[in-house]
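Colleague: Build the 3D model from these lines:
(one chain, ligands or ions: 3)
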Amino acid sequence: MSENTTASKSSLLKFKKGERSISRDLAACLVFALAIIIGLVTAYEYIGRSKMLRQEYEDKADNYIEQLAKSVTFPIWNFDMGSLKHVCSAYTQNEQFAKLKIVDMNGEVLFNFVRPGDKDDNPIVRVRDLYISKEKIGSIRMELSSRIYRRNLDWILFVSSLTFLTSVAVIYIITGFLMDYFIRNPIARLRKGMDKVAMGDFSYRFDEFQYIELLEIGSRFNRMTEEIASRESRLEEVNKVLQGEILMREKAARSLVKSEKRYRALVETTAEGFFMIDESSILLDVNPAFCTMIGLTREEVLGGDIGAILGDTAAERFRNNEGHSHKFELSFVNSNGREVDIFINATNLFESDNVKLTFAFVTDVSGYKMMEKALRASEEEYRTIAEYTFDWEMWIGPTGAVKYVSPSCERISGYPKAYFMEGPVRVEHILHKNDREFWQKALRGTFPSADGTDMRLFRRDGLLRWVSLTGHQVFADDGTSLGLRISLRDITKRKFMEKQLQYEALHDPLTGLANRTLCCDRILQAVERSRRRDNYYFAVVFMDLDRFKIINDSLGHNIGDKLLVEVSKRLLQTIRELDTVSRFGGDEFIVVLEELASPREGIRIVRRIRDCLNDPIMIEGHKINIAASYGVLLSPTEYDKPEEIIQNANVAMHQAKESGRDRIKVFNKRMLEEAVQAMQLESDLRAAMLSGDELYLDYQPIYSLQSQSVVGFEALIRWEHPRRGLVMPGEFIPMAEESGLIFELGSWVVSEACRQMKSWQVNYDSASEMMMSINISPRQFSQPALVDNILSKLSEFDLPARNLKIEITETAIMERAKQSVDMLNRLKSAGVLVSIDDFGTGYSSMSNLQEFPLDQLKIDLSFVRKMNESTENLEIVRAIVNLAHNLGLNVVAEGVEEIEQQDALRDLGCEFGQGYLFSKPISRSKVEAFFKNEIKLS
Ligand code: C2E
Ligand code: MG
Ligand code: MG
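Modeller: Numbering: from 1, shown residues only. Ligands and ions are numbered 1, 2, ... in the order given. Okay, here's the model as predicted:
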């Protein structure tokens with residue numbers, strides 16, 4: 001390679017004959033062209049300069065002749081030859097003057113000068129005639145030598161030639177340098193790169209040229225080298241592959257020899273029989289296994305006909321089969337007399353000369369045949385069992401083909417067995433789209449749950465059925481997959497029951513409404529939603545039917561239940577679908593109103609519920625007016641537990657009840673405070689009852705309207721609270737009722753009133769016939785021991801029963817109608833009088849009253865107050881009085897405050913009156929003062 005480099009280097013420096021160089025030719029052409037140009041310019045310059053010089057000498061000659069003419073005219077005219085000579089001599093001193101000749105008018109030579117030795121071929125000649133007053137006096141002939149002019153001209157020629165030669169030389173040098181710089185050097189670099197490529201270095205790149213032409217050559221060269229490099233690498237790869245292939249072939253050839261040996265060994269040692277026959281069924285080769293099968297030795301059979309061993313049919317089949325391979329089963333009797341079942345797998349091999357050879361592998365299947373028979377019998381048995389299974393059984397083979405479907409499929413799906421035999425996709429098609437995934441997984445051998453995966457399918461008749469999918473992969477003894485066994489059990493009934501149970505767990509059995517659990521869950525969801533979303537409003541309404549207990553007790557539980565069902569229906573009709581109505585047991589309902597546009601909307605819906613419930617309900621011929629109290633909690637986000645929400649809605653509901661029933665109250669913090677206060681009051685009352693000095697009785701006199709005299713007193717409890725001062729019964733009796741304190745409190749009142757009355761009777765004669773009325777609250781009246789308690793107090797203080805009257809509200813009696821009759825009968829038979837308190841405010845129908853053993857009826861003060869406002873009101877009072885009289889009861893009017901009322905009542909036949917007109921409730925001491933006649937009470 002280094003030889004190449006030196007060769008190419010020297011070829012650049014020296015030129016062989018016939019070789020040309022661009023740079024040399026270009027330089028020669030350039031120098032030649034420039035030499036011509038410079039030569040032309042120099043010649044032009046020289047000609048110009050010589051012409052100028054000639055002109056200069058011509059001008060000088062003209063000048064000399066002029067001056068001479070002027071200088072010699074007068075000496076000639078004056079014939080002053082001396083001056084003439086003198087002047088002319090002065091001129092001839094100038095070496096340019098070669099000849100000077102002056103003649104007169106007669107041609108006489110006056111002066112003649114010829115410079116010796118001066119032979120000039122081309123002198124400058126001037127001739128001039130001399131005149132004075134137009135008279136010719138002579139002439140001058142002058143010749144100036146051209147020698148100096150020629151000498152100057154020669155000098156110019158010399159300088160021009162020198163300039164020309166110097167210029168050509170300089171141009172030659174510069175051109176050479178430029179040629180080197182612009183052409184030879186880049187070419188040398190190109191050559192260097194090419195040398196590298198030639199030496200196999202394809203990494204060389206031209207990228208330093210500043211001239212576009214070379215740059216382009218360089219880039220093309222780069223591309224070329226890249227292409228060469230890639231081709232070379234490809235070539236190398238191909239080469240490697242080829243080499244690898246050659247190696248492989250060599251290896252294959254070697255292994256072919258080896259494998260032939262191995263196969264020969266295999267054929268010789270395999271348990272499977274092997275033989276090879278030619279076209280005429282002549283045995284060419286056999287292995288020992290085949291020999292064993294047929295019971296002959298290799299030597300005995302080789303060269304024999306296969307037909308003689310396996311029978312003519314077999315020979316016929318081998319002869320006639322022209323295809324590549326053929327398999328068949330055969331049974332023959334071997335030389336030992338044993339019947340052998342064989343399976344032949346034969347392959348025809350056509351050699352290059354179209355000679356047919358047949359190779360056959362022979363398997364002794366006598367054992368399998370027997371097993372097959374046994375298996376078939378066993379399969380038949382299993383199939384019979386499977387056919388009668390209740391579940392829908394399927395066997396899907398490893399290829400995905402359905403191998404077996406039990407007849408139960410028709411019972412479960414309505415489709416016949418054949419339908420599912422078409423493929424597992426048939427099952428998939430009737431499955432619910434959300435459950436198809438399970439089926440697809442099962443087909444891949446993955447069963448989501450070992451206990452069964454519940455799926456829905458649509459029967460042929462369109463009905464939905466639930467099935468439980470179980471299954472497993474089935475493997476043969478040798479571990480090969482036999483596919484999948486899938487079982488589908490109809491669980492529709494179970495699902496139905498599950499749903500039923502689930503429903504029952506969350507619903508009220510009587511009304512079908514949501515129960516407490518479901519309601520709490522809905523509330524919790526609503527709270528969470530309202531926390532997540534802005535402007536999400538919801539409301540929880542606690543609704544309690546007013547006086548439901550009375551209906552239940554008076555009309556029976558059956559009607560009570562029907563009423564609750566009807567109320568539920570009405571609630572469901574009134575609310576929207578997204579709302580939840582739940583029953584909390586008894587007559588309590590919770591309504592959860594969701595997605596409200598505003599809290600006000602919640603109130604609007606509650607009003608709608610109230611209006612809907614206010615329509616009378618007809619049940620078994622009974623027209624029932626129903627109302628409820630509603631406690632509403634609006635968007636209560638600050639709660640974590642639904643129970644708290646319900647509790648506060650309950651507080652609001654209680655407020656609604658207290659404020660007069662059929663009311664809607666929206667919960668606020670104050671209510672809660674009041675509830676807390678009520679609790680405080682309860683514990684204070686407990687303490688008061690323990691201490692015994694905070695509670696006392698006041699007594700309000702009852703008057704005979706006829707005689708205007710006091711006939712008795714009504715004992716009214718008072719509580720002197722240590723912090724709050726006087727607390728009226730209206731405030732703490734309901735609380736005592738609710739808390740159960742009323743039993744103890746009531747007992748104390750009975751005791752104190754009896755004790756007091758007895759004491760007055762002992763001390764004051766006028767008290768002996770007076771009545772002591774005590775109030776019995778509804779819950780107190782529900783206490784079975786009440787009658788015993790009263791009777792024991794009477795006997796304890798030895799107070800005659802006729803001096804005691806109990807006041808019970810009609811509601812208290814009606815709530816437990818049956819029990820009431822018994823209790824009242826017992827009191828009555830003991831002699832205690834019974835009065836209906838606050839008559840007119842309850843629900844009792846007047847006709848019901850006759851069932852009870854009563855003595856007196858107290859008209860509620862609300863009727864008395866209004867009786868003089870309109871005749872209708874007056875008529876109501878009249879009706880009450882008449883009713884009472886018809887029932888054999890006397891009448892007490894409560895709350896008589898005005899004389900007019902008293903008069904009107906007397907006119908209506910009302911026997912007794914009680915009210916501020918007569919006296920407010922007064923203390924024990926005042927009553928005593930009255931008995932002592934110290935004060936008057938009216
Ligand atoms: P009541 O049995 O109807 O008692 C009559 C109530 O009317 C008394 O109120 C009495 O002060 C008031 N009153 C009487 N005349 C007039 C009148 O002219 N004008 C006005 N505005 N009011 C009049 P009081 O004492 O506040 O008792 C309220 C209720 O508390 C009683 O109503 C009764 O139901 C209950 N109560 C009072 N003491 C007891 C008691 O010892 N045991 C039970 N269980 N309840 C009691
Ligand atoms: Mg009373
Ligand atoms: Mg009353």
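Colleague: Contact partners for the residue of the stretch 251-400 of the chain found nearest ligand 1?
Modeller: Closest residue of the stretch 251-400 of the chain to ligand 1, Cβ to the nearest ligand atom: residue 390 (70.0 Å). For glycine as for every other residue, the C-beta is placed from the backbone atoms N, C-alpha and C. By Cβ atoms under 8 Å, 6 or more residues apart in numbering, the contact set of residue 390 is 408, 489.
Colleague: hang on, it in a strand?
Modeller: No - applying DSSP: H, G, I helix; E, B strand; the rest coil, one finds residue 390 to be coil, outside a strand.
Colleague: quick one: it from residue 488, how far?
Modeller: According to Cβ to Cβ, to the nearest Å, residue 390 and residue 488 sit 11 Å apart.
Colleague: same thing with residue 655?
Modeller: In terms of Cβ to Cβ, residue 655 sits 59 Å off from residue 488.
Colleague: who's more crowded, these two?
Modeller: residue 488 (26 against 20; other Cβ atoms under 10 Å).
Colleague: Flag every buried residue along the helix or strand encompassing the more buried one.
Modeller: Taking DSSP states H and E as the criterion, residue 488 maps to strand 481-490. By 16 or more other Cβ atoms under 10 Å, the buried positions in strand 481-490 come out as 483, 484, 485, 486, 487, 488, 489, 490.
Colleague: Which member of these is positioned nearest ligand 1?
Modeller: residue 490 (65.5 Å).
Colleague: Could you give the bridge partners of the closest one?
Modeller: Beta-bridge partners of residue 490, counted by DSSP bridges, are residue 467.
Colleague: Tell me which residues touch it, please.
Modeller: 391, 392, 411, 412, 465, 466, 467.
Colleague: Name the nearest residue to the residue of the stretch 301-450 of the chain found nearest ligand 3, sequence neighbours excluded.
Modeller: Closest approach between the stretch 301-450 of the chain and ligand 3, counting by Cβ to the ion: residue 434, at 67.5 Å. Distances taken as Cβ to Cβ, 6 or more residues apart in numbering place residue 456 nearest to residue 434, at 7.9 Å, with adjacent residues excluded.
Colleague: ok, that neighbour to residue 867 distance?
Modeller: 72 Å.
Colleague: Just want to know which of these two has more residues nearby.
Modeller: residue 867 (25 against 16).
Colleague: Next up, the contacts around that one.
Modeller: Going by Cβ under 8 Å, 6+ apart, residue 867 touches 873, 874, 876, 877, 901, 904, 905.
Colleague: Could you report the distance from the residue in the stretch 401-550 of the chain positioned nearest to ligand 3 to residue 816?
Modeller: Distances between the stretch 401-550 of the chain and ligand 3 by Cβ to the ion are smallest at residue 547, namely 18.0 Å. Relative to residue 816, residue 547 is positioned 13 Å away (criterion: Cβ to Cβ).
Colleague: do the same with residue 757
Modeller: 28 Å.
Colleague: Out of these two, name the residue with the larger neighbour count.
Modeller: residue 757 (26 against 18).
Colleague: Contacts only, for that one.
Modeller: Residues counted as contacts of residue 757 (Cβ under 8 Å, 6+ apart) are 767, 770, 772, 797, 799, 803, 804.
Colleague: Could you look up the SS state of the nearest residue to it once chain neighbours are set aside?
Modeller: With Cβ to Cβ, 6+ apart as the criterion, residue 757 has its nearest non-adjacent residue at 4.0 Å, and that residue is residue 772. Judged by three-state DSSP, the three-state class of residue 772 is strand.
Colleague: per-residue pLDDT, residue 772?
Modeller: On pLDDT, residue 772 comes in at 97.
Colleague: List the residues that contact it.
Modeller: Residue 772 sits next to 712, 713, 715, 753, 754, 756, 757, 799, 803, 804, 805 when contact means Cβ under 8 Å, 6+ apart.
Colleague: Remind me what the lengthiest helix in the chain packs against, helices and strands.
Modeller: The longest helix of the chain (DSSP state H) is helix 212-269. When contacts are defined as 3 or more Cβ pairs under 8 Å, 6 or more residues apart in numbering; DSSP states H and E, helix 212-269 packs onto helix 185-198.
Colleague: quick one: average pLDDT of the helix it packs on?
Modeller: Throughout helix 185-198, pLDDT has a mean value of 78.
Colleague: Stretch 907-914 too?
Modeller: Averaged across stretch 907-914, the pLDDT comes to 96.
Colleague: Start and end of it, how far apart?
Modeller: Stretch 907-914 stretches 16 Å from its first residue to its last (Cα to Cα, to the nearest Å).
Colleague: Residues contacting that stretch, please?
Modeller: Outside stretch 907-914, the residues that touch it by Cβ under 8 Å, 6+ apart are 700-706, 711, 714, 856, 858-859, 874, 877-878, 881, 885, 890-896, 902, 905.
Colleague: For stretch 315-332, which outside residues touch it?
Modeller: With Cβ under 8 Å, 6+ apart as the test, stretch 315-332 has contacts from 277, 279, 281, 305-307, 309-311, 313-314, 339-348, 356, 358, 360, 365.
Colleague: Go through the contacts of residue 757 and name the one nearest ligand 1.
Modeller: residue 772 (11.4 Å).
Colleague: Could you give the bridge partners of that closest one?
Modeller: Bridge pairing for residue 772 - DSSP bridges - gives residue 713, residue 804.
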